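A.B. asks: structure for this input, please:
(one chain, ligands or ions: 1)
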Amino acid sequence: PTFPLYSTAEKAIPLLGFGTAEYPFGASIHTLKETILEAIKLGYRHFDTAAIYLSEQPLGEAISDALRLGLIKSRDELFITSKLWCSDAHHDFVLPALKKTLQNLKLEYLNLFLIHWPLSLKPAKYEFPFQEEDIVPFDPKSKLETILSTAKIPPAVNQVEMNPLWQQKKLRKFCEEKGILVEAYSPLGAKGTAWGTNRVMECDVLKEIAQAKGKSLAQVCLRWAHEQGVCALVKSFNKERMKQNLDIFDWKLTADESHKISQLPQCKGFPGAVFLSDDGPYKSVEELWDGEI
Ligand code: A2P
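C.D. replies: Below you'll find the predicted structure:
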């Protein structure tokens, strides 16, 4: 299933995407290319990368291979997203960063270019993790309402952490009203990463629902996200699980199952304390998330 973004009329966005943010960044660049090629073979057509993930190059190589092998006839069959890293979030750095991203991907265009985080880092501070003193002070805060009040071209997509344990109900309602598609990152809770936890995969209510349906817990999470009308970005390096994650479109959660999920206690996996600093735009996690924490 796809969703017609108003800003990319020529290409609707596939509502299940393949994430490429492995952790630690760049840990297995060579297997990443093979994994992405496998994903294209299995039918994934939407890939999410970012300059900071170091996965643009392997994604570009996988796309070249897929074209050479005839797995896809043209690059236009894919929906490719990348992101502007915070140290390039400065007026004169945006275009060069986009050009570098295209060069890494060996592509002529992106379908979607996202602002990675709503803050700037000192130029050239590209390494991760960054230090508190690298955060550039600015005012006002570049949040969605501020952007919408000034932007000539409103944002088409807002990518945020979202899974059954961090459901983003308020933000989703706001985005729906404004015609902004929400993308869910960490739809399975991103266990084993610096920005994730095991809580989703170990949630008893989700385990019970999965067992009763004869589906995996991951499938329940992805189906739930799909039924909320968002685009889920999932990642697996395992072929069977990659396949399983695509198999969520011909069955449904019951009203009772959806209700149980809607009642789950909420707990954000990645509060983003790394983005706070005394003289930066955000001094507390409450400020960073506009009180929604
Ligand atoms: P693996 O690569 O071993 O499959 P998220 O998408 O929330 O970031 O979560 C990604 C994590 O979830 C990865 O560690 C991945 O591990 C794991 N994962 C992905 N799909 C499944 C699945 N169907 N069942 C169990 N774990 C999964």
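A.B. asks: can you give me the helices in the stretch 151-293 of the chain?
C.D. replies: 169-178, 204-213, 217-227, 239-246, 255-262, 285-288 (DSSP state H, counting those that start in this stretch).
A.B. asks: which other helices and strands contact the shortest one?
C.D. replies: The reference is to helix 285-288. Other elements packing on helix 285-288 under the criterion 3 or more C-beta pairs under 8 Å, 6 or more residues apart in numbering; DSSP states H and E are absent; no helix or strand qualifies. In this view, the C-beta of every residue, glycine as well, is placed from N, C-alpha and C.
A.B. asks: in this protein, where is pLDDT below threshold?
C.D. replies: By pLDDT under 70, the low-scoring segments of the chain are 7-10, 138-139, 141-142.
A.B. asks: that one against the ligand: which residues are in contact?
C.D. replies: Along the chain, the residues adjacent to the ligand under the rule C-beta under 6 Å from any ligand atom are 19, 186-192, 216, 218, 234-238, 241, 244-245.
A.B. asks: rerun at 8 Å
C.D. replies: 19, 21, 163, 185-193, 196, 200-201, 216-219, 221, 233-238, 241-242, 244-245 (C-beta under 8 Å from any ligand atom).
A.B. asks: hmm, back to that, so which of the helices of the stretch 151-293 of the chain is the most surrounded?
C.D. replies: Among these, helix 217-227 has the highest mean neighbour count (mean count of other C-beta atoms under 10 Å), at a mean of 23.
A.B. asks: what residues are up against His91?
C.D. replies: For His91, the set of contacting residues under the criterion of C-beta atoms under 8 Å, 6 or more residues apart in numbering is empty.
A.B. asks: brain fart, Lys207
C.D. replies: Leu217.
A.B. asks: how much space between it and Glu56?
C.D. replies: When distance is defined by C-beta to C-beta, to the nearest Å, Lys207 is 36 Å away from Glu56.
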